[in-house]
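fold the stuff below for me.
(one chain, ligands or ions: 2)
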Amino acid sequence: MRLIATEEAWSIPEVAAELQQVSRSPSQSLDKLLVKGIYDAEVDTSGYGKMNFLEGLLDVEERRLPQMDEHGVDMQLLTLTAPGVQMFDADTATDLAALSNDRMAEIIRKHPTRFVGLGSFAPHSPKRAAKEVERVMTELKLNGLVVNSHTNGDYFDDYRFWPILEAAEAHDACIYIHPRSPSDTLKGPLQDYAMDSAMWGYGVEVGTHMLRMMAGGVFDRFPKLKICVGHMGEMVPFFIWRINFMNSRAQKVGRAPKTQRSMEEYFKDNFVFTTSGVEDHLALRYAIDRMGVENVLWSIDYPYQPIKEAVEFIQTAPLSEAEMHAVCHGNAERVFHIP
Ligand SMILES: COc1cc(C(=O)O)cc(C(=O)O)c1
Ligand SMILES: [Mn+2]
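Ligands and ions are numbered 1, 2, ... in the order given. As a prediction, this is how the structure comes out:
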C-alpha cells in the first residue's frame with residue numbers, strides 16, 4: 001500500500017534565523033511561545049519549554065528519509081512549518097517564501113519519488129502572493145499551497161486576500177490551511193495551560209478560519225477553490241450538523257449573509273482534511289462515514305508526531321481495502337496532483 005504523508009513540516013536556516021529574531025521582538029503574538037521554544041533555546045523558554053524540533057525540521061536526508069524507509073513511508077508532502085513567513089514584514093515574508101519554495105523544488109528534483117511540496121506565500125502582500133502562486137504552480141511545479149491560518153489577525157473571508165484565492169482556483173492549487181496560535185483578537189482565555197498550542201488553540205484558530213470562509217461566501221465567489229485542513233478537520237466534522245442548522249437559522253433572521261449552498265455542502269465540496277496528529281480510530285471512522293472517504297487523507301505531522309505510531313495508526317485502522325487506498329494515497333494523488 002503506497003503511503004503518502006500529507007502534512008510534513010520542514011524549514012530552512014534563513015527562516016529559522018528570522019524566527020529567532022521574532023522571538024526576541026516586542027511582538028505580542030501567542031506564536032512567540034512556540035517560536036521561543038523551537039528557535040531560541042538560549043532565551044528563557046518559560047511558558048512553552050524547549051522543543052527539540054529544529055533539527056528535524058531542517059533535515060531531509062540524514063534522518064527524515066531513513067526513517068521513512070524504516071517505516072515504509074513512500075512519500076512526504078512537505079510544508080514550510082508554522083507560522084511560516086507570516087510573522088515577518090511583508091517584504092521579508094515575500095522574499096523568504098520565494099526562497100523556501102526554490103529550496104523545496106530542489107529537494108523534489110533530487111528525490112522526485114519521495115517528496116512533493118506545498119508552496120508558501122506572503123498573504124500580507126496579496127498581489128505579490130498571487131504572482132508567487134503562479135510561479136509555484138507553473139515554474140516550480142509544486143503540488144499546492146500552504147498558509148498558517150490568520151495573517152496579522154485577518155482571515156480569507158477578507159476580500160483583500162481574494163487575488164490569492166483567485167490564482168489558487170485558476171491553477172487548481174489546493175490551499176492547506178495549517179494552524180498557528182490564535183490571533184490577538186481570538187487569544188483571550190487561550191493564553192493559559194498551553195491552550196495556545198496544538199492541544200486546543202490551533203483547532204479553534206483554524207476552525208474559526210474555515211467557518212469565516214464558509215459563512216462569508218468565499219466558495220460562492222470561488223466555487224472550485226479547494227482547501228485542505230489537518231487534525232481530522234479541526235473539530236468541524238464533529239460539529240457540522242449544529243454549524244449547518246445554526247447558520248441556516250442565522251441566515252433566515254438576517255444575522256448571517258445568504259449563501260448559495262449550505263455550510264455542510266461547502267465543507268463536503270470544497271474541503272478535504274488529513275488525519276495529522278489525531279491517531280484515533282473512532283474519530284477516523286466517524287469522519288469517513290460523515291464526510292466521505294474521498295475527503296480524508298493520511299498524515300504524520302512530522303516531526304511533531306512520531307512516524308512509527310502514525311504508520312501503525314493507519315495500518316491498523318478499521319477501513320476496507322478501498323478506503324485504505326483512498327486515505328493512504330489515492331486522495332492525496334488527486335488533490336495534490338501526485339503521479
Ligand atoms: C509549528 O509547531 C507545531 C508544534 C506542534 C506541537 O506538537 O507542539 C504541532 C504542530 C502541528 O500540529 O502542526 C505544529
Ligand atoms: Mn502540522
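
how many neighbouring residues does whichever residue of the stretch 1-150 of the chain sits closest to ligand 2 have?
Going by CB to the ion, ligand 2 is nearest to Glu7 of the stretch 1-150 of the chain, at 4.8 Å. For glycine as for every other residue, the C-beta is placed from the backbone atoms N, C-alpha and C. Neighbour count for Glu7, taken as other CB atoms under 10 Å: 29.

would you map the strands across the stretch 201-339 of the chain?
Listed in chain order, the strands of the stretch 201-339 of the chain (DSSP state E, counting those that start in this stretch) span 227-229, 271-274, 296-297.

out of those, nearest to ligand 2?
strand 271-274 (8.9 Å).

and the residue of the stretch 1-150 of the chain closest to ligand 2, what element?
Following DSSP states H and E, one finds Glu7 within strand 4-10.

contacts for the next helix or strand after that strand?
Later in the chain than strand 4-10, the nearest helix or strand by DSSP H and E is helix 13-23. Applying CB atoms under 8 Å, 6 or more residues apart in numbering, the external contacts of helix 13-23 come out as 32, 35-36, 38-40, 43, 54, 57-58, 80, 83-85, 87-88, 92, 96, 99-100.

for Asp301, the count of nearby residues, please.
Neighbours of Asp301 using other CB under 10 Å come to 24.

my error: substitute Asn152 in the last question.
The tally of other residues near Asn152 (other CB under 10 Å) stands at 12.

could you check how far it is from ligand 2?
Distance of Asn152 to ligand 2, computed by CB to the ion, to the nearest Å: 21 Å.

right, and that residue touches Ser125 too?
No - using CB atoms under 8 Å, Asn152 is not in contact with Ser125; the gap is 11.6 Å.

centre of the chain to stretch 59-76, how far?
Distance of stretch 59-76 from the chain centroid (CA atoms, centre = their mean, to the nearest Å) equals 21 Å.

buried residues in that stretch, which are they?
Val60, Arg64, Leu65, Gln67, Met68, His71, Val73, Met75, Gln76 (16 or more other CB atoms under 10 Å).

show me the two of these that sit farthest apart.
Greatest spatial distance in these: Val60 and His71, 16.0 Å, computed using CB to CB.

with adjacent residues omitted, what lies nearest to Leu57?
Leaving aside its sequence neighbours, Leu57 sits nearest to Ser11 (CB to CB, 6 or more residues apart in numbering; 4.2 Å).

surely the one you found touches Thr81?
Yes - Ser11 sits in contact with Thr81 when judged by CB under 8 Å, with a separation of 5.1 Å.

any residues in contact with both of the two?
Residues touching both Ser11 and Thr81 (CB under 8 Å, 6+ apart): Leu57.

can you tell me how far the nearest residue to Gln251 once chain neighbours are set aside is from ligand 2?
Distances taken as CB to CB, 6+ apart put Lys258 closest to Gln251, at 5.5 Å, once the chain neighbours are dropped. From Lys258 over to ligand 2 the distance is 35 Å, taken as CB to the ion.

tell me the pLDDT at the residue nearest to Leu57?
Predicted confidence (pLDDT) for Ser11: 98.

please name the residues that touch it.
For Ser11, the contacting residues are Leu54, Leu57, Leu58, Leu80, Thr81, Ser100, by CB under 8 Å, 6+ apart.
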